[in-house]
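**Q** Here is my input; please provide its structure:
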Amino acid sequence: MPDHATSAHPAVQAQLDRLWSLSPGADILGLDRITALLGRLGNPHHRLPPVLHVAGTNGKGSTCAFLRSAIEAAGLTAHVYTSPHLVRFNERIRIAGRLIEDDALAALLAEVLDHAADINASFFEVTTAAAFLAFSRTPADACIIEVGLGGRLDATNVIPAPIVTGIAQLGLDHQSFLGDTEEAIAGEKAGIAKPGVPLVTMRYGASVAARVAEVAASADAKVSALGTGWHLSIADTLTSTDERGTVETPLPSMAGPHQPENLGLAIAMLRHQSALDIPPEAYSTAARTTRWPARMQRLRPGPLTALLPPGSQLWLDGGHNPAAASAIATALEAIAHPAIGRSEVHL
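**A** Numbers count the residues shown, from 1 in each chain. Next comes the predicted model:
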């Protein structure tokens, strides 16, 4: 799939130009190229802190943001790998809580691209290898990894033993790569399941849930789904219940009626693993403090808002499929409800 990035830092831009020039033919999904590239780099994916691996059609980025906030609120550090970036390529790689610096990024990409010269690796495969290499060189308590596309054949799916895996909301996306039905797509995303590792999921329709369970069973992974393995009550507060007990938090400060479930998934994932000690108060901190740019983000006064009619608000969001569009529409409807004095939304 086409991908692109620019940087104001000349050394970074030189490497991004090399990255951009990689063969489009490398966009055929598979693990052979990433495995070969990581092998040349000394298999850094075998030297990562405890990994939390997140797939899904919608909400996986927000879930990763909630995971990071809760882990850091517990006094721990986390590497984070997400995609795509919003403004700067550096956003994809967060090392022990900090975005990778330009000089380090330029050197890292140069090293990985040099090793990838004859592998025909893709933009995303090189980026993934670079992230894993950076993470392997810096201590941290945890490593949060967001799937790029699908799951089973995604470049991130080389982690042999994550401490927990999770699947956010499912729907139709990238059909040319993943299949034409929700069941087929669910099967691909459930491909991140690993033997003996909990697979924590949202609540899905019967046929989709059955496909997820089938793939998980073939991997010898146990599914814990919303509504069976864990439960969520959303009212004035959020209450998450599982076999370990109950956690109550404020509703997330991130706008959008879909965000409480994303927070719930993050809480459930952390409560289905034992490598990290996360106290209950860390979940409340995550609910209050998590931010994820361009997810129902109200822009502060500035050059763009100055162009609007008096009293107007400017919100930023985006999506890549019908389910995302529906979530945005629902959120905008709440913002523009006549009961709060606003009845018009201009797109």
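
**Q** neighbours around T128, how many?
**A** Look at T128: counted by other C-beta atoms under 10 Å, it has 28 neighbours. For every residue, glycine as well, the C-beta is placed using N, CA and C.

**Q** give the contact list for it.
**A** Contact analysis of T128 by C-beta atoms under 8 Å, 6 or more residues apart in numbering lists I34, Y81, G148, A155, T156.

**Q** which SS class is it?
**A** Following DSSP: H, G, I helix; E, B strand; the rest coil, we place T128 in the helix state.

**Q** so how far is P84 from it?
**A** Going from T128 to P84 by C-beta to C-beta, to the nearest Å gives 13 Å.

**Q** what number of residues lie near the closest residue to L22 other than its chain neighbours?
**A** With C-beta to C-beta, 6 or more residues apart in numbering as the criterion, L22 has its nearest non-adjacent residue at 5.6 Å, and that residue is F123. By the criterion of other C-beta under 10 Å, F123 has 23 neighbours.

**Q** OK, contacts around the closest residue to A255 other than its chain neighbours?
**A** Leaving aside its sequence neighbours, A255 sits nearest to M296 (C-beta to C-beta, 6+ apart; 3.8 Å). Counting by C-beta under 8 Å, 6+ apart, M296 touches M254, A255, G256, Q259, W315, L316, D317, I328, A331.

**Q** Considering those, which possesses the most neighbours?
**A** The most crowded member of those, judged by other C-beta under 10 Å, is Q259 (26 neighbours).

**Q** Wait, it touches S62, no?
**A** Yes - the pair Q259 / S62 is scored as a contact, 6.3 Å apart, by C-beta atoms under 8 Å.

**Q** got any ranges where the stretch 51-200 of the chain has weak pLDDT?
**A** Low-confidence segments of the stretch 51-200 of the chain, defined by pLDDT under 70: 172-177, 179.

**Q** Now do the strands in this structure.
**A** In the chain, the segments counted as strands under DSSP state E are 51-55, 78-81, 93-95, 98-99, 142-146, 164-167, 199-201, 223-225, 231-234, 237-242, 245-250, 297-298, 315-316.

**Q** Can you give the distance of the fifth one from its chain's centre?
**A** The chain centroid and the centroid of strand 142-146 are separated by 9 Å, computed with C-alpha atoms, centre = their mean, to the nearest Å.

**Q** Check the third one too.
**A** Averaging C-alpha positions (C-alpha atoms, centre = their mean) puts strand 93-95 13 Å from its chain's average.

**Q** next one: stretch 93-113
**A** Computed by C-alpha atoms, centre = their mean, the separation of stretch 93-113 from the middle of its chain amounts to 19 Å.

**Q** Which residues belonging to it are considered buried?
**A** Using 16 or more other C-beta atoms under 10 Å as the test for burial, stretch 93-113 gives 93-96, 100, 102, 104-106, 108-113.

**Q** what's the domain layout of this structure?
**A** Domain ranges of the chain: 45-102+126-289, 297-340, per automatic domain parsing.

**Q** tell me the most buried of the ones you listed?
**A** The highest mean neighbour count among these, using mean count of other C-beta atoms under 10 Å, belongs to domain 45-102+126-289: a mean of 21.

**Q** start to end distance for that one?
**A** End-to-end distance of domain 45-102+126-289 (C-alpha to C-alpha, to the nearest Å): 30 Å.

**Q** Offset the numbering so it begins at 30, please.
**A** Understood, numbering begins at 30; the last thing we discussed is domain 74-131+155-318.

**Q** excluding its backbone neighbours, what's nearest the residue positioned nearest the centre of the chain?
**A** Centrality entry for the chain: nearest residue to the mean C-alpha point is G90, 3.2 Å, by C-alpha atoms, centre = their mean. With sequence-adjacent residues excluded and distances taken as C-beta to C-beta, 6+ apart, G90 is closest to T111, at 5.7 Å.

**Q** What separation do you get for that neighbour and A295?
**A** With C-beta to C-beta as the criterion, T111 and A295 are 14 Å apart.

**Q** Give the rounded mean pLDDT of stretch 315-333.
**A** Stretch 315-333 shows a mean pLDDT of 84.

**Q** same check, this time on stretch 250-268
**A** Averaged across stretch 250-268, the pLDDT comes to 98.

**Q** just how off-centre is that stretch within its chain?
**A** Its chain's C-alpha centre and that of stretch 250-268 lie 19 Å apart, by C-alpha atoms, centre = their mean.

**Q** With just CA atoms, put it into PDB.
**A** Taking Å, rounded to 0.1, in the frame of the first residue of the first chain, the C-alpha atoms of stretch 250-268 are listed here in PDB:
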ATOM      1  CA  ALA A 250      -4.900 -19.400  22.600                       C
ATOM      2  CA  LYS A 251      -7.800 -18.600  25.000                       C
ATOM      3  CA  VAL A 252     -10.300 -16.000  23.900                       C
ATOM      4  CA  SER A 253     -11.700 -13.600  26.600                       C
ATOM      5  CA  ALA A 254     -14.400 -11.600  24.900                       C
ATOM      6  CA  LEU A 255     -16.500  -8.700  26.100                       C
ATOM      7  CA  GLY A 256     -19.700 -10.100  27.500                       C
ATOM      8  CA  THR A 257     -18.200 -13.500  28.500                       C
ATOM      9  CA  GLY A 258     -14.600 -13.300  29.700                       C
ATOM     10  CA  TRP A 259     -15.000  -9.700  30.800                       C
ATOM     11  CA  HIS A 260     -17.800  -7.200  31.300                       C
ATOM     12  CA  LEU A 261     -18.200  -3.500  30.900                       C
ATOM     13  CA  SER A 262     -20.800  -1.100  32.300                       C
ATOM     14  CA  ILE A 263     -20.900   2.500  31.000                       C
ATOM     15  CA  ALA A 264     -22.900   5.100  32.900                       C
ATOM     16  CA  ASP A 265     -21.600   8.000  34.800                       C
ATOM     17  CA  THR A 266     -18.500   6.000  35.300                       C
ATOM     18  CA  LEU A 267     -16.900   3.000  33.600                       C
ATOM     19  CA  THR A 268     -16.900  -0.300  35.400                       C
END
